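**Student:** predicted model and sequence follow; I will ask about them next.
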Amino acid sequence: MPPAAVLVSACLLGAPVRYHGGDAQSDSDILRRWQRQRRIVAVCPEVAGGLPTPRPPAELQGGDGVQVLRGGAAVRTRAGEDVTEAFRAGAAHAVAAARGANVRVAVLKSGSPSCAVDGIYDGTFSGRRTAGAGVTAAALRAAGVQVFDETQLAEADAALKEIDGRHD
Ligand code: SF4
């Protein structure tokens, strides 16, 4: 059995796909080891959902990613453009990529309206955060993937090792 795969936000791996056109490259030995082991499935849900780079920042309004997936909340730019469908499409892409590669663990960029595991901006574009997951993090979690952010790489690595152990 090959080692379990892990889905990682593409910006944490150095891809310049963030809303401002930059990346959020992580200098993590754990990520480098996973890359050597060819475990990583890199996804940027917002690009996969059809949004350009750079793009206007967007925030969740009316709830977190769980509510967006249920149709009870929206994702909008500061100018009021509704980008909810692109965020839903990106989340669906991430779930399909995870299922296709038998991903059981994901490491996602904190603070993102797509990728945040817990802690999103509150929809007022004032820099205030509130509890809740981004749209893709919520979708992956609902699909049975264990989701972590880049501050929890050791926990994600332990979860992967446990899965590998179960498969040995
Ligand atoms: Fe990174 Fe996720 Fe934002 Fe893409 S959607 S730039 S992977 S945080």
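**Tutor:** Structure received. Source: prediction; values computed, not measured.

**Student:** give me the low-pLDDT residue ranges for this protein?
**Tutor:** The model of the chain has pLDDT under 70 over residues 1, 167-168.

**Student:** let's see that with 50 instead.
**Tutor:** Within the chain, the segments meeting pLDDT under 50 span 168.

**Student:** which residue lies nearest the spatial centre of it?
**Tutor:** In the chain, the residue lying closest to the centroid (CA atoms, centre = their mean) is residue 115, at 2.9 Å.

**Student:** got the contact list for the residue lying closest to it once chain neighbours are set aside?
**Tutor:** Distance criterion CB to CB, 6 or more residues apart in numbering; nearest residue to residue 115, sequence neighbours excluded, is residue 108 at 3.9 Å. Quick note: C-beta positions are derived from backbone N, CA and C, even for glycine. Taking CB atoms under 8 Å, 6 or more residues apart in numbering, we find residue 108 in contact with 7-9, 12, 115-117, 134, 136-137, 140, 147-150.

**Student:** what residues are up against the closest residue to residue 112 other than its chain neighbours?
**Tutor:** Nearest non-adjacent residue to residue 112, counting by CB to CB, 6+ apart: residue 134, 5.4 Å away. Contacts for residue 134 (CB under 8 Å, 6+ apart) come out as 60, 64-65, 108, 112-117, 120.

**Student:** before we move on, back to that, any idea how far the residue nearest to residue 115 lies from residue 140?
**Tutor:** 8 Å (CB to CB, to the nearest Å).

**Student:** what residues are shared contacts of those two?
**Tutor:** 7, 147.

**Student:** in stretch 92-107, what counts as buried?
**Tutor:** Neighbour counts using 16 or more other CB atoms under 10 Å place 92-95, 97-98, 103-107 of stretch 92-107 among the buried residues.

**Student:** between those residues, which is closest to the ligand?
**Tutor:** Of all those, the ligand sits closest to residue 94, with 8.9 Å by CB to the nearest ligand atom.

**Student:** near the ligand too, which of the contacts of residue 134?
**Tutor:** 112, 114-115 (CB under 6 Å from any ligand atom).

**Student:** tell me the bridge partners for residue 59.
**Tutor:** Legend: beta-bridge partners of residue 59 under DSSP bridges are residue 76.

**Student:** what's near enough to touch the residue lying closest to residue 43 once chain neighbours are set aside?
**Tutor:** The shortest distance from residue 43 to any non-neighbouring residue, by CB to CB, 6+ apart, is to residue 94 (4.9 Å). Shown in contact with residue 94 (CB under 8 Å, 6+ apart): 7, 43, 45, 48, 106, 136, 139-140.
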